[in-house]
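Enquirer: when you get a sec, could you give me coordinates for this:
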Amino acid sequence: MADKRVDVATFAKDCLPLIDEVQRDRIAVTITVAGNDVAVLEPMHEGAERSIIGAMNGTVLRYDDPTGPL
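Expert: The predicted structure is shown next:
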């Protein structure tokens, strides 16, 4: 996946076109502040779960005393 770098001012000005480019071209955009990387905007992975319903299913390994103090 190709990577594109933009400074935060450019990102703020061109946010929507950049999001469209990420979706269309399947590239990641690294956002920088004063030359330092601060965030990455990347396309969703194919088949990625979009709902939080059930996202934590199967993560509780043990629950001994539900009425006990935390």
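Enquirer: residue 22 is in contact with residue 44, isn't it?
Expert: No: applying Cβ atoms under 8 Å as the test, residue 22 and residue 44 come out as separate, 9.5 Å apart. (Each C-beta comes from the backbone N, C-alpha and C, glycine too.)
Enquirer: show me where pLDDT drops low in this protein?
Expert: 1-2, 47-50, 70 (pLDDT under 70).
Enquirer: now with 50, please.
Expert: 1 (pLDDT under 50).
Enquirer: what about residue 54, how many neighbours?
Expert: 8 (other Cβ atoms under 10 Å).
Enquirer: the more surrounded of residue 22 and residue 44?
Expert: residue 22 (17 against 11).
Enquirer: so what secondary structure elements neighbour the host helix or strand of the more buried one?
Expert: Here residue 22 sits within helix 15-25, counting by DSSP states H and E. Applying 3 or more Cβ pairs under 8 Å, 6 or more residues apart in numbering; DSSP states H and E, one finds that helix 15-25 contacts strand 28-33, strand 36-41.
Enquirer: show me what the nearest residue to residue 4 once chain neighbours are set aside is bridged to.
Expert: Nearest residue to residue 4 in three dimensions, chain neighbours excluded: residue 29, at 4.9 Å (Cβ to Cβ, 6 or more residues apart in numbering). Beta-bridge pairing for residue 29 (DSSP bridges): residue 4, residue 41.
Enquirer: my guess is residue 29 contacts residue 22. True?
Expert: Yes: between residue 29 and residue 22 there is a contact under Cβ under 8 Å: 5.8 Å.
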